[in-house]
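A.B. asks: whatever this is, show me its structure:
(one chain, ligands or ions: 1)
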Amino acid sequence: MAKTATLKIDDKEYPLPVMIGTEGEKAVDTRALRAASGYVAYDQGYGNTGSCESQITFLDGDNGILRHRGYPIEQLAHHSDFVETAYLVIYGELPNATQRREFGLQLRKNAAIETQMQKILEGFPTSASPMAMLSAMVSALPAYYPHLATNNFEQDLKGFDLAAAIAMSKIRTIVAMIYRYQKGLPFMFPKQELPFCDNFLHMMFSEPYQDYVSMPEVAKALNLVLLLHADHEQNCSTSTVRMVGSSASNLFTSISAGICALAGPLHGGANVAVMQMLQSIHDEGDDGSRFIAAAKSGSKSNRLMGFGHAVYRNFDPRAKIIGEACDTVLTRLGIDDPLLKIAKHLEQAALKDEYFVARKLYPNVDFYSGIIMRAIGIPMNMFTTMFAIGRAPGYIANWREVAANPKGRIYRPRQIYGGPVKRDYVPMAQRG
Ligand code: CMC
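C.D. replies: Residues are numbered from 1 along each chain as shown. Reported below is the predicted structural model:
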């Protein structure tokens, strides 16, 4: 028999259906509560609200578990690469050899940016925020692919495979173009023969008559960083993609909105903030205790960046993988980065501090990802755009779930109004 929960308000009881996910996650379905009782469920910031049913990613924050389509992140990080994991996240299964080849081919064929679109980028001041440029460029994509962006779910789903390849591949190309534009360098066209990450490195770092040649470790490290960001359940930017998508907005528009949400320092922007913090500790010859002391003040603007997570309460499994990879990558590349030593020292100091222990605050994925990106040669101001390349598969898969859900409805939360009650208009002359 289906389980129900009962909510009692005054003398009246309201039975509410109970939902159980495939991993045993429990929820009380409050959808009919308002119609039956006049009450809504209040949950500021949606911290305890399941906004959708999803089959993409399972996350158990208490136990540090992250799985995409059932596969543990540790196994994917060890055996897979970014493109294969992206296929898994988007399509639900690991690809066979033919599917993998076809997916790779689509990504290669759709890597280039139209000349007209380049002009949009060139209209920005070179000092503009890379995330602002990226979201603007992605929101321009419907203009170039109107047949894939009709804002009609049925129609847009017919062209989904192509739209997904365009979004994933071009976001990467646009990021490389932003980098070169800001440096005053000519754009590098993508090369059809190169794998996804090598092609990105080529578009970033090749010179007109000198191809970028790197150690295989560089592309491998980049693969790992992107793979670890591929999806992360209902985080701020992915929920934004779903919310915008729920109005029947096309894939590109929805992703562009997600990129805007990602830009904030409490979300994707944290990787930049971490590096700024580590750099300033280095420059001042500090041991980090100043930042730890400031973080304990409780003020949001002084938080220890790269620490804490909205859902992980034990450890962030991605941080564990990336923290270990940092040592390996830097050793293989022969880099001795003083910021890595500072990060490790800061981590140890914070993990022993009662404030962080009591609140279960651990390093998150952003604490170490910046150090790897710096080793690869990515400048700090581009870090959050790298997060966007990595998160693109998650955005695409989540948009598809929204678009393909026949029972879906527009996202429209309620609120508890706390403003003035009804009052009459006061003419200007009578105002104090
Ligand atoms: N430094 C100091 N105190 C913190 C921090 C921190 N980094 N994070 C949380 N706290 C405190 C918070 O003030 C609260 O204290 P109190 O109980 O005394 O009021 C307590 O810890 C619990 O906070 P919370 O409810 O777990 O935090 P939240 O869900 O509101 O915020 C967060 C989650 C990730 C925004 C926050 O931990 C933070 O601002 N971290 C630094 C920014 C960062 O690294 N963000 C990247 C997140 S991972 C990448 C991603 O998925 O976007």
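A.B. asks: spatially nearest residue to E13 (excluding sequence neighbours)?
C.D. replies: Using C-beta to C-beta, 6 or more residues apart in numbering and skipping the chain neighbours, the partner closest in space to E13 is T6 (5.2 Å). The C-beta positions use only the backbone N, C-alpha and C, and glycine is treated the same way.
A.B. asks: how many other residues sit next to the residue of the stretch 1-150 of the chain found nearest the ligand?
C.D. replies: Using C-beta to the nearest ligand atom, the closest approach of the stretch 1-150 of the chain to the ligand is made by G47 at 6.8 Å. G47 has 8 neighbouring residues, counting by other C-beta atoms under 10 Å.
A.B. asks: am I right that the residue nearest to E13 is in a strand?
C.D. replies: Yes. T6: assigned to a strand according to DSSP: H, G, I helix; E, B strand; the rest coil.
A.B. asks: count the neighbours of it for me.
C.D. replies: Around T6 there are 9 residues (other C-beta under 10 Å).
A.B. asks: and what of Q55?
C.D. replies: Counted with other C-beta under 10 Å, the neighbours of Q55 add up to 12.
A.B. asks: give the contact list for it.
C.D. replies: By C-beta atoms under 8 Å, 6 or more residues apart in numbering, the contact set of Q55 is 69, 92, 401.
A.B. asks: filter those residues down to the buried ones.
C.D. replies: When the contacts of Q55 are checked for burial by 16 or more other C-beta atoms under 10 Å, the buried set is 69, 401.
A.B. asks: and of the contacts of Q55, the nearest to D62?
C.D. replies: D62 lies nearest to R69 out of those, by C-beta to C-beta, at 21.2 Å.
A.B. asks: pretty sure that closest one is touching I90, no?
C.D. replies: No. Look at R69 against I90 with C-beta atoms under 8 Å: they stay out of range, at 9.8 Å.
A.B. asks: distance of K119 relative to I171?
C.D. replies: Distance of K119 to I171, computed by C-beta to C-beta, to the nearest Å: 19 Å.
A.B. asks: typed the wrong thing, it's A294
C.D. replies: 35 Å.
A.B. asks: got it, and A128?
C.D. replies: Applying C-beta to C-beta to A128 and I171 gives a distance of 17 Å.
A.B. asks: buried sites along the lengthiest strand in the chain?
C.D. replies: When the chain is parsed with DSSP state E, its longest strand is strand 12-20. Residues of strand 12-20 classed as buried by neighbour count (16+ other C-beta under 10 Å): 14, 16.
A.B. asks: what's the spacing between the next helix-or-strand element following that strand and its chain's center?
C.D. replies: Where DSSP states H and E defines the elements, the next helix or strand beyond strand 12-20 is strand 26-28. The chain centre lies 26 Å from the centre of strand 26-28; the measure is C-alpha atoms, centre = their mean, to the nearest Å.
A.B. asks: so what does strand 26-28 touch, helix or strand wise?
C.D. replies: Counting contacts by 3 or more C-beta pairs under 8 Å, 6 or more residues apart in numbering; DSSP states H and E, strand 26-28 packs against strand 12-20.
A.B. asks: hmm, who's touching the strand it packs on?
C.D. replies: So strand 12-20 is contacted by 2-8, 26-30, 32-33, 36-37, 50, 53 (C-beta under 8 Å, 6+ apart).
A.B. asks: which of those residues are close to the ligand?
C.D. replies: With C-beta under 6 Å from any ligand atom as the criterion, these include none near the ligand.
A.B. asks: what subset of those is buried?
C.D. replies: Counted by 16+ other C-beta under 10 Å, the contacts of strand 12-20 give 7, 27-28, 30, 33, 50 as buried.
A.B. asks: wait, a strand at N48?
C.D. replies: No. N48: not assigned to a strand; according to three-state DSSP it is coil.
A.B. asks: need phi/psi at it.
C.D. replies: Note on N48: its backbone torsions stand at phi -130, psi 30 [degrees, to the nearest 10].
A.B. asks: state the distance from the residue lying closest to G323 once chain neighbours are set aside to R67.
C.D. replies: Excluding the flanking residues, the one nearest G323 by C-beta to C-beta, 6+ apart is Y368, at 4.8 Å. Per C-beta to C-beta, Y368 is found 21 Å from R67.
A.B. asks: more neighbours: which of the two?
C.D. replies: Y368 (28 against 18).
A.B. asks: using CSV, write down the CA coordinates of the helix or strand containing that one.
C.D. replies: Following DSSP H and E, one finds Y368 within helix 365-376. Listed next in CSV are the C-alpha coordinates belonging to helix 365-376 (Å, rounded to 0.1, in the frame of the first residue of the first chain):
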residue,chain,number,x,y,z
VAL,A,365,35.7,21.0,-5.5
ASP,A,366,36.7,24.6,-6.0
PHE,A,367,39.4,24.5,-3.3
TYR,A,368,41.9,22.7,-5.5
SER,A,369,40.5,23.0,-9.0
GLY,A,370,42.1,26.5,-9.5
ILE,A,371,45.5,25.1,-8.7
ILE,A,372,45.2,22.5,-11.4
MET,A,373,43.9,25.1,-13.9
ARG,A,374,46.7,27.4,-13.1
ALA,A,375,49.2,24.6,-13.8
ILE,A,376,47.6,24.0,-17.2
